[in-house]
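Trainee: Pasting a predicted model and its sequence here:
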Amino acid sequence: MGDLSLWLLQLKDEISRHLVFGVGILLMGSYFMGRLAERVNLPAITGFILAGLLLGPYMLGLVHAELDSTLAYITEIALALIALVIGSEFSLRKLRTIGRPVVIITVFQLFAAFLLVTAALFLAGMPLELAAILGTISSATAPAATVAIIRDLKARGPFVDHLYGVVALDDAGCILLFASVTAVSSNSLGAGAGILSSIVHAMVEIAASIVLGAIAGWLLHLLTRSRKRSNEVMIVSLAMILVLSAVSNTFHLSALLSSMAAGTVMANLSRRTHSIVTILDSFSPPLYAAFFAIAGTELQIGVLMSPSILLLGGIFVLARGIGKVAGVRIGAAYAGSDPMIRKYLGFTMLPQAGVAMGLVLFLDTIPYFAMNQQVTATLINIVLFSVLFNELAGPPLSRYAVIRGAKLE
């Protein structure tokens, strides 16, 4: 019996190091855990994260810790695709439609969350550079659960119009803010550079990332504008996304910002942008499932349950919630929006998942954080704590806000 147990352990250790097995078991686990989450009225994303936690190196161990660096490439591809899709929402025609009040509300709630979380974590003893990075991540909002609730309730009216507009602008603003703050902070942490030098370095990095992405978006437009077959468009689009991400990382630019700039340029040059995004969506479900499951494998229960993580995670969640709700109220009041929008729209900003997880996992591609895994693990676990909490508490609050603030058919 002892020999059999030893053989099984050796077999598990051997097969858990295999990349193809790791991806396969994560996808299978994501499928079942995602369905289970939906049965108890939770987003499937929560199930994907829990699948990664269960199968990862800190619990069942079916996905070996040695695969971390290899699985990071899947995260990189998923992030590039997410950023491209976000950028594709920003055509000039759509920006004119969104209107001034939505822009004002977005800016107020984004910076309120950023400033409150940064200040609260800094006062709790976290270095300012790390607190600021978490502050930028706190500004991200996950609209998937709220959008599903709107469709389920068949809600409509100005409240829903404002909600869609703010959500569309929020993640783009979050990525831009993250790129700026991370460039300054990582340069300061890694080289001990002065603040002026860090800001100049960040501005150069941001400008170069946008220019590179704009060129890629223009090339993608040229390569796809005369293509009739969807399989050709898929091949060319995916190739461009992968090359852009690789070139950005090679030259230490922001792959997120480059991909978002590519999507924005493409949206304003081509009428086919929507069809390109639709074609890319055809293979995105397994990619996104793997992405969230990989995030779950990073979750260390021991670290998460440590007093310091519980304290910092609690501060993060509380300060972010106050920032989002108060930011929307102040912005809506300044913009002269309807009282229902002022009172309830902020609660729909609480869910947090995809972009937040993507940004914190993106830190592994930055030299300083790649070399300081303990620091990176702390940041990841704080964000995972927030994501798990807000994916549990956020949807019920969003449903309450939509019922009170919108018109129901």
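Mentor: That came through fine.
Trainee: With adjacent residues omitted, what lies nearest to the residue most central in space within the chain?
Mentor: In the chain, the centroid-proximal residue (C-alpha atoms, centre = their mean) is Val355; its distance is 0.9 Å. Nearest residue to Val355, sequence neighbours excluded (C-beta to C-beta, 6 or more residues apart in numbering): Ala140, at 4.2 Å. To be clear about C-beta, it is placed using only N, CA and C from the backbone, and glycine gets the same treatment.
Trainee: Confirm the one you found sits in a strand?
Mentor: No: going by DSSP: H, G, I helix; E, B strand; the rest coil, the assignment for Ala140 is coil, not a strand.
Trainee: what's the pLDDT at it?
Mentor: At Ala140, the model reports a pLDDT of 82.
Trainee: swap in Gly331?
Mentor: Reported pLDDT for Gly331: 90.
Trainee: Counting neighbours, what do you get for it?
Mentor: Counted with other C-beta atoms under 10 Å, the neighbours of Gly331 add up to 27.
Trainee: Verify the stated contact: it with Ile105.
Mentor: Yes: counting by C-beta atoms under 8 Å, Gly331 does reach Ile105; the two are 3.9 Å apart.
Trainee: Tell me where the stretch 301-409 of the chain has helices.
Mentor: 301-304, 307-335, 339-344, 354-362, 367-371, 373-405 (DSSP state H, counting those that start in this stretch).
Trainee: Just name the most buried of the ones you listed.
Mentor: helix 354-362 (a mean of 25; mean count of other C-beta atoms under 10 Å).
Trainee: helices or strands up against that one?
Mentor: Counting contacts by 3 or more C-beta pairs under 8 Å, 6 or more residues apart in numbering; DSSP states H and E, helix 354-362 is packed against helix 68-87, helix 128-138, helix 158-191, helix 255-269, helix 284-297, helix 373-405.
Trainee: quick one: which of those is nearest Phe21?
Mentor: Nearest to Phe21 among the helices and strands packed on helix 354-362 is helix 68-87; the distance by C-beta to C-beta comes to 11.9 Å.
Trainee: By mean pLDDT, which helix or strand of the chain comes out lowest?
Mentor: strand 407-408 (a mean of 60; mean pLDDT, DSSP states H and E).
Trainee: thinking again about what came up before, want to try TSV for the helices of the stretch 301-409 of the chain, with distance to Gly157 as columns?
Mentor: Listed next are these as TSV, based on distance: least, C-beta to C-beta, whole Å:
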stretch	distance to Gly157
helix 301-304	40
helix 307-335	15
helix 339-344	9
helix 354-362	26
helix 367-371	44
helix 373-405	9
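Trainee: for those helices, which one sits closest to Ile133?
Mentor: helix 373-405 (6.9 Å).
Trainee: The closest one vs helix 354-362, what angle?
Mentor: Calculated by axes from the mean of the first three to the mean of the last three C-alpha atoms, to 10 degrees, helix 373-405 forms an angle of 170 degrees with helix 354-362.
Trainee: what about helix 373-405, average pLDDT?
Mentor: For helix 373-405, the mean confidence score works out to 77.
Trainee: So what's the gap between that helix and the chain middle?
Mentor: 12 Å (C-alpha atoms, centre = their mean, to the nearest Å).
Trainee: now do stretch 32-41
Mentor: For stretch 32-41, the distance to the chain centre is 21 Å (C-alpha atoms, centre = their mean).
Trainee: With stretch 223-241 instead?
Mentor: How far stretch 223-241 lies from its chain's middle: 25 Å, per C-alpha atoms, centre = their mean.
Trainee: so the residue nearest to Val355 makes contact with Cys174?
Mentor: Yes: at 4.4 Å, Ala140 counts as touching Cys174 under the criterion of C-beta under 8 Å.
Trainee: the more surrounded of those two?
Mentor: Each of Ala140 and Cys174 has its neighbours counted (other C-beta under 10 Å); Ala140 has more, 29 against 25.
Trainee: Contacts only, for the more buried one.
Mentor: Residues in contact with Ala140 (C-beta atoms under 8 Å, 6 or more residues apart in numbering) are Asp170, Asp171, Cys174, Gln352, Val355, Ala356, Leu359.
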